[in-house]
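**Student:** pasting the structure only:
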Ligand code: 26Q
């Protein structure tokens, strides 16, 4: 029998088998003879839950009794992926479960594929939230994640004739064993209507919001099992339902449609995740989603607070910190003000003092089009009372501005929570800064830009508000679970406590130039690549060689992330190979995974171009398989877990100054891929840790990007100045990649030349090409490559999300660990 981990629960292989078979009967209603793979998976999940649920209640009981300060992480997105592997890892029972299933005739890796991804997020921001709640539980911090229980997560992507097609994601179609419905904690959420001003006898005013409708929020709890620890925290996701206050009178009076309308809105609120990242749509339903989950969560927080402290709110800010994951939950700030004043009877000053000490805000982007603004008229319609409160926050805030800069109206115009113009807008970022006691960026350079470029005047007013917390990733999922080969090698070499203390990986450094270790390390990489070769064949039919360099670019599709820079470079390589088939060049496989926001035209054209170029190159016998291009459809967490362990080169090629942090960069470096990257976001800190000599850094720096733009960047200079750039761009105008349809790929060229190339693709092209030459050259020296790869793994300790969480605790949250049982 395999040795269970030292910290494992005391559950033998035999006991696990018994539990699975019993659950097959009692939970799944089937038996070992006729059970489907899905049923076997479900029974295994049920067996895991038997171990998790008791720890869950134990944790909740302990937190209640000790009445500890807790962080409440409000996020519109939690990109959880699959939970089976992670939960088993955390309990230390993965090996025993795998053995139990094997003895029952099943491979755990096959059954794991039965689990749909929980894709309740778009990308980096949502996955960060998932890594953070894993770390919070693993470090025994009292914490709760609050979000929306979307019926449909991020769309499923298929590729037809090279183009992205979106299909609904139905992750709960056949039930979800990991969640528990808690109808007893249902909340009511008011919306619409009007505000009445009541004049009291004592001369004071009182505001009464008469909502036009009320919807119900029903919570679903997902247990978050901490690694090794005994803590099981919860992720609480709100589902919207029609309220009991459903307008039966209207219904009975024959206004059937109106009553139905209410019902529809109520059930639409949690129907689907907005698939835009980094772009603001300004849709009413999105605002309703934001308010819905903030209102439910604050009521939930209040219920728990009152259970311990009654109506004495003097301890509120001591007990409660509410972290806003970007501006998406900003409306929680005026909502808490409303609750304190209109429902609990506090005055403005007391309510505001508590609010300002309870909220903290994380900024994830500097892109102007991603900064949330809501039209005032929308707020007035949906949340009339909140609009009044925001006006009053603004009035008092602008008095402070006046005190700081007397007579300076330009400052007031910039700092105001309201943007004046043809359409008056509420600036959610400004509201967050004013209403929070801390504001953080997500990597060192990003946090500096938040201060210098995004909120310079706020920084002048409140310098101590602004801090940095560099992102991190959970090494449990992103190394231990997804890369068992490398994980075993590491544990065999330096011991097995690195998943909970990632800086222990530095102990690998002395092995970086030991031939025997290099061999084993590269062997693990090769086996991971072999597995991916099969996945690629199954998903796309393309045959690739594990001897090639696997170059991986996986992230949401966005111009600033510059997938098209990679594509133009691939075209250049293709041209060079056609001109000189015997060119000195180690074969390469370029792997892409990316979803485009459904309304983002150019992003979709880039996906189309990648697919068309891939078809042509993969089927061109003249280049003798030296180049392959693969677009893997439906990129998601579970696919990332297959790609990352097999990556040789990690493409992190955003225009400097635009990628707030990146987290895929950390995951790939941890798994021994060398970074091909710009000096942007966390790449800069990865370079500090791994050493620039173990990466391929290229391109303009943040300052150089600013300079270039200030001087007046002209992409045509590069078009006429570099014959290769001209040749590959002109190629896109022909029908070489789209036979019979010349110009089908010309959108990219147009955006780069006529569109002004806002992300400096052409400016960085040559430097990128040179960096690729260095990489290709280095790969031929397998020893040198192995050494650099090992040094990457060894020096990524900083990027565990455990470190990020400890930084949040030290700089923002001031939590204490709470041991359970
Ligand atoms: C806003 C309004 C309406 C609809 C959608 C949105 C929206 C949704 C998602 C706006 C932005 C996002 C997601 C942003 C995001 O993922 N940002 C990434 O966050 C990561 C974690 O900090 C960073 O590593 C990445 O650099 C950053 O791009």
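**Tutor:** Noted; the coordinates are in hand. Fair warning: this is a prediction, and the values are worked out from it, not measured in the lab. Numbering: from 1, shown residues only.

**Student:** Every contact and neighbour count from this point should use C-alpha atoms.
**Tutor:** Will do.

**Student:** and residue 753, how many residues sit next to it?
**Tutor:** Residue 753 has 18 neighbours, counted by other CA atoms under 10 Å.

**Student:** what's it in contact with, if anything?
**Tutor:** Residues in contact with residue 753 (CA atoms under 8 Å, 6 or more residues apart in numbering) are 715, 716.

**Student:** List the backbone torsions phi and psi for it.
**Tutor:** The phi/psi pair for residue 753 (degrees, to the nearest 10) reads phi -100, psi -60.

**Student:** same deal with residue 224?
**Tutor:** phi -110, psi 110.

**Student:** With residue 650 instead?
**Tutor:** Torsion angles at residue 650 (phi, psi; degrees, to the nearest 10) stand at phi -110, psi 110.

**Student:** what secondary structure does the closest residue in space to it that isn't next to it in sequence sit in?
**Tutor:** Leaving out its chain neighbours, the residue that sits closest to residue 650 by CA to CA, 6 or more residues apart in numbering is residue 675, at 4.6 Å. Following DSSP: H, G, I helix; E, B strand; the rest coil, residue 675 is assigned to strand.

**Student:** tally of neighbours for residue 675?
**Tutor:** Residues lying near residue 675 (other CA under 10 Å) number 30.

**Student:** Now do the contacts for it.
**Tutor:** Per CA under 8 Å, 6+ apart, neighbours of residue 675: 649, 650, 651, 652, 665, 668, 669, 695, 696, 697.

**Student:** Please produce CSV containing those residues, extended by secondary structure, distance to the ligand and neighbour count.
**Tutor:** Output for the contacts of residue 675, formatted as CSV (DSSP: H, G, I helix; E, B strand; the rest coil; distance: CA to the nearest ligand atom, whole Å; neighbours: other CA atoms under 10 Å):
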residue, secondary structure, distance to the ligand, neighbour count
649, strand, 19, 26
650, strand, 15, 26
651, strand, 14, 29
652, strand, 10, 28
665, helix, 9, 24
668, helix, 14, 27
669, helix, 15, 29
695, coil, 19, 25
696, strand, 19, 22
697, strand, 18, 23
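
**Student:** now, which of those residues sits nearest residue 548?
**Tutor:** Checking those against residue 548 by CA to CA gives residue 649 as the nearest, at 11.1 Å.

**Student:** Check which helices and strands the one helix or strand residue 667 maps to sits against.
**Tutor:** Assessed by DSSP states H and E, residue 667 sits inside helix 664-670. Contacts defined by 3 or more CA pairs under 8 Å, 6 or more residues apart in numbering; DSSP states H and E place helix 664-670 against strand 649-652, strand 674-677, helix 782-794.

**Student:** switch the cut-off to 7 Å
**Tutor:** strand 649-652, helix 782-794 (3 or more CA pairs under 7 Å, 6 or more residues apart in numbering; DSSP states H and E).

**Student:** ok, the shortest one: who's next to it in the sheet?
**Tutor:** When pairing is defined by DSSP bridges, strand 649-652 lines up against strand 549-554 (parallel), strand 674-677 (parallel).

**Student:** what's the following helix or strand after the shortest one?
**Tutor:** Using DSSP H and E, the helix or strand that follows strand 674-677 in sequence is helix 683-690.

**Student:** what about stretch 372-381, start to end distance?
**Tutor:** Start to finish, the residues bounding stretch 372-381 are 18 Å apart (CA to CA, to the nearest Å).
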